[in-house]
Every structure is written in C-alpha cells, then in structure tokens.
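Peer 1: The following comprises the amino acid sequence and a computationally predicted model.
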Amino acid sequence: MIYMDNAATTKMRPEVVRAMLPYMGNRYGNPSGIYTFSKNVHQDVANARKKLADTINAQPEEIYFTSGGTESDNWALKMAAAEHPGGHIVTTAIEHHAILKSCEYLQEQGIEVSYVRPDRDGMVHVGDLEHAVKKNTFMVSVMAANNEIGTIQPIAEIGQMARQRKILFHTDAVQAYTNIGMDVDLMDIDMLSVSGHKINGPKGIGFLYIRSGCLKTPFINGGGQEMGMRAGTENVAGIIGLSKAAELAMNNMQARTGREIYMRNYMANRILNEIDDVKLNGHNQQRLPNNMNFSFYGADGATLIVMLDKQGICASAGSACSSASASASHVLKAIGLPDDLAHSTVRFTINEEITRQEIDYAIACLKQNVWDLRAMSEDYRNHGGYGSL
Ligand code: PLP
C-alpha cells in the first residue's frame, strides 16, 4: 500500500505506541487519586502538558486536553460565544467543518458570523478580515493551514490585527502545528486547536490552548479535571502518546519537512509536466510541505480515487470528512473553482517516508487512469483539451 492521505490521518510512530503501552497496562491509576500509584500517573500527565506547552511557547496551565481538533474548535467558539451573547465572529469560508458547523449552530443562537473569502490561491487577506470586523466582534478564527489545499495563512499578521482591536484570536492549527511551528506569543494567538492523529500520534486526543484569562466558562461540567474546564477522567494513554508524537515531530521538523518538500516538488512537477490540463490548487509557496491538490480536467475525482485504491494507492477526493458527500468541496468553491473542476480534484498528502519508486508508480497509475477516464469523457473529447488551466 502507498499511503498518500496524511492530511486525513497519520500512522503512529513505534516510539509513540511504546510510550503509551504502560498506560494501557500496569500504569492504569486514575490521575485524580491521592495515593502514590495515582500521583505518579498525575505527574506523567503534568509532564506531558508541560512538554506540549513548550512546543507553542505557552504555560502548562494554558493547555487543556480534548478528544481532538473537532472538540477543541467547538470549545473555543462556543464558550467564547457564551461569554459574548449577541456578538459577532469573523472567520473564513475555507475553515474545517468543525468551525463552520459550530458557526452555523451559533448563528441559530443569535451570534452573527462573517465568512471572509480567500483569494484564488486560497490566501486569506488581513485587510479583508479587518474590513469584516464590527463593533460587536469578539473573535476572529482563522485556520493556520488548510487541510484540503494546504494554504498557510499569515497568522502573525492576523494575530496582530486582532490584538490591536482587543478581539480574541483563535486558530485551528490541526494541520500546521508540527509543519510550520506555532508560537502563541510571537503570533498573538489567544486560542489554538491541535489534534493527535495528524502528527503521528493517537486518535481521540488533542488539546486546546487558551491564553490565561481569555475564557472562564467550563466546556464540560463534572469533576475538576483540566483545571475545572473540561470534566472527565483523562485519556492518559492518549495524552502520553500525543506528547511523545509532538516531541518527535518538533525534534525533526526541519529534516522531515525538507524531505517532504523535495519529494512533493518532484511529484508535483512530474504531474504538471507529464499530464495535460492539470491545475494545482492552492498557493505555490505558502503551502504545507506535504500537500498537493490537483484538478484533472475531464476525469472524475471520486472515480480516480477508486481506481488508485485498486492499484494500492490511498489518496483523497477532498477532505476526508466531505469525501462521502457528492457536493463539491466548500474550499474549492471558495477559491472560485468551477463545479466540473472541483469534481475532478484529487488531494495527495505524502509523508517523509515516501520513496521515489513509490511516487513513480503512483504517477504511472495516475497518468493511465486520467487518460482512460478522458477517453471515455465525451465532454473532454469535444473540448479538445483545456488550454487555459
Ligand atoms: N481541523 C482541521 C483543519 C482538520 O484537518 C481536522 C481533521 O481533518 C480537524 C479540525 C478535526 O480534527 P479531529 O479529527 O481530531 O477531530
């Protein structure tokens, strides 16, 4: 199998599995207990929290463990809204559904939301966000990097704009966290969402960073866990795995992303040079190291995914969450892609372990599949190509 869907999820590293195992075995104490057996586990969770805080230049007491990116996003938006009834949120049209659906819910509760559109490369402009700010705006939420087209946003500039206006700034850093590095002080970030399974860690764990004093309302009521803000016995194995995954990813960020960029460019250049009528979606430079998103005019994206699957290659026809639905991705629509191109889109997200041989095989399959689908497409044949891509 050649796995090219690392934006959907990643493989846990063996070191992560090894770090977690004791907590699924003999080290099973409840961190809330007051005897030594539990206190030791409590200390392990505290150490993990500190390590994770260090990765974004935060304090340990500003890190709240959650079940992942979706929960972190829901928490940030819904609790900030609870503290600002009748207020206004500025976000973008290309956020993950965890943000967009939370915003829809909040609109039903009387919160106003503005969805700023990116440009054709998927870049969000600070001036556009600033323009959308109103008197009652209490929050700006912009993802650090997009999960579909990989575009990296100017987070520090956005943070500065929000800080100057005394507006909370939340960023969904699920895709960006270990790829570009996040610093909550340098970037004026008040809240930041992270997910474990996107960084070679476990599924069902993540954290929300909340700058001290920015939110006071508990998200889940019950016991006193997570400083009283999110009750429920901790997912200890997950927490340990998340912190190990983050440590490993941060330690080799430069080498890993450097290799990914090299292999990504090799693959992207070959596809663009060797297949006609292909469009690379997203920004050329401001892009996640492992992301490629192509529209193959005249070839249906979902069919390409099925063909690639039969050839042992895992890729995605949009974001994993929306690939089950037939409607074109909201991100591709927001960057102005016409419906036919949006429906002929495939996302490849590689990892640093990919080999040139695997890439060459994937390209050979892709070329043949695109050719076969186009041969069957009357529309494509009549068009005689699509020179303007
Ligand atoms: N935000 C972004 C940008 C994502 O890519 C994802 C996952 O696809 C999520 C949030 C949701 O994260 P999780 O799967 O941990 O709930």
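Peer 2: Nice, thanks for sending it over.
Peer 1: need the contact list for Met20.
Peer 2: Residues near Met20 by Cβ atoms under 8 Å, 6 or more residues apart in numbering: 202, 237-238, 240-241, 244. (Glycine included, C-beta is placed from N, CA and C.)
Peer 1: Show me what from the stretch 101-250 of the chain comes close to the ligand.
Peer 2: By the rule Cβ under 6 Å from any ligand atom, the part of the stretch 101-250 of the chain lying against the ligand is 143, 147, 172, 174-175, 195, 197, 206.
Peer 1: Name the member of the contacts of Met20 with the most neighbours.
Peer 2: Gly241 (30 neighbours; other Cβ atoms under 10 Å).
Peer 1: how far does whichever strand or helix holds it sit from the chain's center?
Peer 2: Assessed by DSSP states H and E, Gly241 sits inside helix 236-251. On the basis of Cα atoms, centre = their mean, to the nearest Å, helix 236-251 sits 17 Å off its chain's mean C-alpha point.
Peer 1: for stretch 294-312, how far is the first residue from the last?
Peer 2: By Cα to Cα, to the nearest Å, the extent of stretch 294-312 from end to end equals 19 Å.
Peer 1: Could you do stretch 85-95 as well?
Peer 2: Using Cα to Cα, one end of stretch 85-95 lies 22 Å from the other.
Peer 1: hmm, it in reach of the ligand?
Peer 2: No - contact of stretch 85-95 with the ligand (Cβ under 6 Å from any ligand atom) is absent, the minimum separation being 7.6 Å.
Peer 1: do stretch 340-355 as well
Peer 2: No - counting by Cβ under 6 Å from any ligand atom, the ligand has no neighbours in stretch 340-355; the shortest distance is 10.3 Å.
Peer 1: Then stretch 273-283?
Peer 2: No - no part of stretch 273-283 sits near the ligand under the criterion Cβ under 6 Å from any ligand atom; the closest distance found is 13.9 Å.
Peer 1: if we can go back for a sec, in whichever helix or strand comes after the helix holding Gly241, what's buried?
Peer 2: For helix 236-251, the following helix or strand on the C-terminal side (DSSP H and E) is helix 253-274. For helix 253-274, the buried set under the neighbour-count rule, 16 or more other Cβ atoms under 10 Å, comprises 256-257, 259-260, 263-264, 267-268, 270-271.
Peer 1: So which other helices or strands are in contact with helix 253-274?
Peer 2: Packing partners of helix 253-274 (3 or more Cβ pairs under 8 Å, 6 or more residues apart in numbering; DSSP states H and E): helix 177-180, strand 278-280, strand 291-296, helix 356-376.
Peer 1: Mean neighbour count, distance to Ala46 and mean pLDDT for the ones you listed - can I get that in TSV?
Peer 2: Formatted as TSV, the helices and strands packed on helix 253-274 follow (neighbours: other Cβ atoms under 10 Å; distance: least, Cβ to Cβ, whole Å; pLDDT from 0 to 100):
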stretch	mean neighbour count	distance to Ala46	mean pLDDT
helix 177-180	23	21	96
strand 278-280	18	45	97
strand 291-296	25	35	97
helix 356-376	16	41	97
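Peer 1: Just send those back as TSV, with distance to Met24 too.
Peer 2: As requested, these are exported to TSV (distance: least, Cβ to Cβ, whole Å):
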stretch	distance to Met24
helix 177-180	24
strand 278-280	43
strand 291-296	33
helix 356-376	32
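Peer 1: between the ones you listed, which one is nearest to Phe348?
Peer 2: Closest to Phe348 of the helices and strands packed on helix 253-274 is strand 291-296 (Cβ to Cβ; 4.5 Å).
Peer 1: Given the closest one, what are its sheet partners and their directions?
Peer 2: strand 278-280 (antiparallel), strand 345-349 (antiparallel) (DSSP bridges).
Peer 1: residue contacts, Gly204?
Peer 2: So Gly204 contacts 67-68, 196-197, 235, 238 (Cβ under 8 Å, 6+ apart).
Peer 1: how about a cut-off of 10 Å?
Peer 2: Counting by Cβ atoms under 10 Å, 6 or more residues apart in numbering, Gly204 makes contact with 66-68, 71, 195-197, 235, 237-238, 241-242.
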